[in-house]
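1. What follows is a predicted structure for the sequence shown.
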Amino acid sequence: MLKKVRVQIITDRYEVKGSFYGNTMEMVPPEAVTPPSFQGEAEHMEMTVEARYHDDGTRVCISYKESELTGMEGSTTSVSFYKSEPQTLSMLRDGTVKTALVFEQAKRHLCVYQTQIMPFEVCVYTRSVRNAIESEGVLEMDYTVEIRGAQAERTKFLMRVLPCFDQPRKVN
């Protein structure tokens with residue numbers, strides 16, 4: 001099933017102190033990791049965009065075009081998960097910005113962030129995932145992304161899948 005929807009995305013981003021690169025490369029339980037601490041004010045962003053919702057019975061994929069608001073204009077983002085593993089999500093971006101990120105609660109994944117100059121390895125640590133896309137149309141995540149040697153950023157992410165309204169017909 002493929003349908004047109006709207007997605008509302010709300011994020012709060014914080015710069016954080018600390019590093020996940022200093023931990024061992026094994027996946028570690030959340031109680032064994034002291035997460036980076038918040039630093040400064042949150043950068044709040046809200047947007048609603050048209051999207052494609054594809055459910056093939058095994059996997060759900062929601063894709064949308066990024067806007068100037070996100071700083072990734074010219075890119076398409078796809079958030080997907082297998083129905084058998086709804087707490088493990090992937091986020092792929094293609095276009096002017098390219099990324100391949102994996103989000104899995106209480107796990108750390110090394111991923112890739114591709115720039116026009118060169119690719120960077122990033123560490124993604126997901127504190128929590130609440131995937132209720134199929135039942136409530138809601139996805140909530142709390143995660144930290146760190147580029148080795150750069151400031152880490154913690155994001156609280158909310159995605160709501162909304163119906164897509166057709167354009168009203170012109171009446172003569």
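-> Here it is on my side, so go on. These numbers come from a predicted model, not from an experiment.

2. biggest strand in this structure, by residue count?
-> In the chain, assigned by DSSP state E, the strand with the most residues is strand 37-55.

3. In the lowest-mean-pLDDT helix or strand in the chain, which residues are buried?
-> Lowest by mean pLDDT, DSSP states H and E among the helices and strands of the chain is strand 37-55, with a mean of 83. By 16 or more other Cβ atoms under 10 Å, the buried positions in strand 37-55 come out as Val49, Ala51, Arg52, Tyr53. Placement of C-beta: from N, CA and C, glycine included.

4. Tell me the bridge partners for the last one.
-> Residues in a beta bridge with Tyr53, per DSSP bridges, are Lys3, Ile62.

5. Kindly provide the distance from it to Met141.
-> Remark: distance between Tyr53 and Met141 (Cβ to Cβ, to the nearest Å) = 18 Å.

6. now, among the buried residues of strand 37-55, which is nearest to Ser84?
-> Tyr53 (18.5 Å; Cβ to Cβ).

7. just for this protein, where's the confidence low?
-> For the chain, the stretches with pLDDT under 70 are 18-40, 69-72, 166-172.

8. Now the spatially most central residue of the chain: which helix or strand?
-> Most central in the chain under Cα atoms, centre = their mean is Met91, positioned 5.6 Å from the mean C-alpha point. For Met91, the host element (DSSP states H and E) is strand 88-95.

9. Which strands and helices lie in contact with that strand?
-> strand 75-82, strand 98-104, strand 119-132 (3 or more Cβ pairs under 8 Å, 6 or more residues apart in numbering; DSSP states H and E).
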